[in-house]
Structure formats: C-alpha cells, structure tokens
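**Student:** sequence and predicted structure, then a few things I'm wondering about:
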Amino acid sequence: MKKFLGYILSIIFWFCFGLSLIIFHPIQWLCLKLGGYNAHKKSVDILNACLVACYYTLFNRVTFIDNKSIPLGQPIIFVANHQSTFDIPPLIYFLRRFHGKFISKIELASGIPSISFNLKHGGAANIDRNDPKQSIAEILKLANNMKTKNWSAFIFPEGTRSKTGKMKAFHVGGIATLLKKNPNALVVPIAIKGSYEMVQYGMYPLTPFLHMTWEVLDPLDTADKNIEEIVKLAEETIKRKVEN
C-alpha cells in the first residue's frame, strides 16, 4: 500500500522539487550578479528550505537535531554518513550559519538547474574522480577558503551512498587534505538515519510516510590523534547512532 501511494505522491513531490530548482536558477544568477556571495548564499538557503518542504508532500517527516554548542567563526569539517541524495538539503538549510560547502562529483556541476549553478559558483569542490591532480587541487582550494573565510565543509567519507542504511568504511583522503590546511578545524560528526528508505525503489516511486533524522553530534576530541585515528573515531561515533 505504501509503495502504491508512493507512485501518486511522487508525482506531486517531483513537480514541487523540479519547480523549485527551475524557479531558483535565475534567482541565484541575479543574486550573485547584483549582491555577490552573501545574496547568492541567501538564495541558496531559501532554495534548500523549499526542497526540504517538498519532503512533506510524501508525508515524510524530517527531524533535524542541531547542536547549538558548536562555535561560529572557525573552520568546521562536518563528517556524515551518506544514504541518499536527499541527505543534502537539510544539511545546507539547518546548518546555513556555518557556510558549509560540499565536495561533489564534477558531473553534478553541469546540467541540473540550481544545483549545478550553486556547485559552480557557491564555493564547492567539484572533483573529477578520474583525475587525482584535479581532485586534490579542488579540495585544496576549498581548504584555503575555509582557512581565509572561516567556511566549513561537508564530507561523506564513505564515497558512495549506502542503499541499506548499513555504513561503509570511511576513506581518509578528503578529510586529510582539509585538516592539513586547517589543523585547528573542528571535526563534527553527523548521523543520518532513514533517508535510504526514501529511495529504496529508486527515484520513482519514492517511499512516503517515513521519519528521517539528522543529528549533529559533539565535536570529536582530536588531540594527539593522527588522521587515520580521527577518521576511525568519526566512523565509530556515527555508526553507534545509525546502526543501533
């Protein structure tokens, strides 16, 4: 029954989701041209609020557990498990005060209204997985912006999405490059639960009547730990929340 209703409700979802992307594409362009970075970022924040609102057309419920103790004014590396494409809008909107940027596949930086524009002009690191030199250069550019502008980064160290909710091993590479340039950055784990169920049948039908959660955990104690130990600690901390 849930899958059957998904066929109907997914039409409404994709109409609202797609319309939001189409409407905000020229809005982003205007904001960037007329108001620069801050105006563009504000338009992206509002876009992602609209995208999160689209989840409710499926009668899916979003619970975002923020962590107000995390300080502003310094670089932060948000490390999260990855379950679906729909992990991303709540991260951008609810943590908008941290100016978080994504490490993304370069393929996503073209051809998608609003999303590609933001990836190209909003400060993301758009990496070509077949070109290690280009990937490192992009991540280093993001790391330098974190250092000089107090931006933050979102990273999914699993590399690919989990289709079952069971976490994959975390990779060290991207986090290592960011920390090398920002050794005093806070490393903050984020546990995402339930979003993989939204796409268990693919992009159509989407699954309705779900409860999905995002929980921002306390910063890790990275003192006297090497990169491998920090990444392992992040993985274990998130796993305790996600797989319990």
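**Tutor:** Perfect, I can see it now. Residues are numbered from 1 along each chain as shown.

**Student:** grab the longest helix from the chain for me.
**Tutor:** Secondary structure assigned by DSSP state H gives helix 2-54 as the longest helix of the chain.

**Student:** any idea how far that one is from the chain center?
**Tutor:** Relative to its chain's centre, helix 2-54 lies at 15 Å (Cα atoms, centre = their mean, to the nearest Å).

**Student:** can you spell out which helices and strands pack onto it?
**Tutor:** Secondary-structure packing of helix 2-54 (3 or more Cβ pairs under 8 Å, 6 or more residues apart in numbering; DSSP states H and E): helix 88-94, helix 115-121. (Glycine included, C-beta is placed from N, CA and C.)

**Student:** now do the buried residues in the last one.
**Tutor:** Going back to what we said before, that points to helix 115-121. By 16 or more other Cβ atoms under 10 Å, the buried positions in helix 115-121 come out as 115-119.

**Student:** looking at the residues you listed, which is nearest residue 196?
**Tutor:** residue 115 (20.1 Å; Cβ to Cβ).

**Student:** right, and residue 217 touches residue 241 too?
**Tutor:** Yes - at 7.1 Å, residue 217 and residue 241 qualify as touching, with contact defined as Cβ atoms under 8 Å.

**Student:** those two: which has the busier surroundings?
**Tutor:** Relative neighbour count places residue 217 above the other of residue 217 and residue 241, with 19 against 16, counting by other Cβ atoms under 10 Å.

**Student:** common neighbours of residue 217 and residue 241, please.
**Tutor:** Common neighbours of residue 217 and residue 241, using Cβ atoms under 8 Å, 6 or more residues apart in numbering, are residue 191.

**Student:** now the element after the longest helix of the chain, going C-ward?
**Tutor:** Remark: after helix 2-54, the chain's next helix or strand is strand 61-65, criterion DSSP states H and E.
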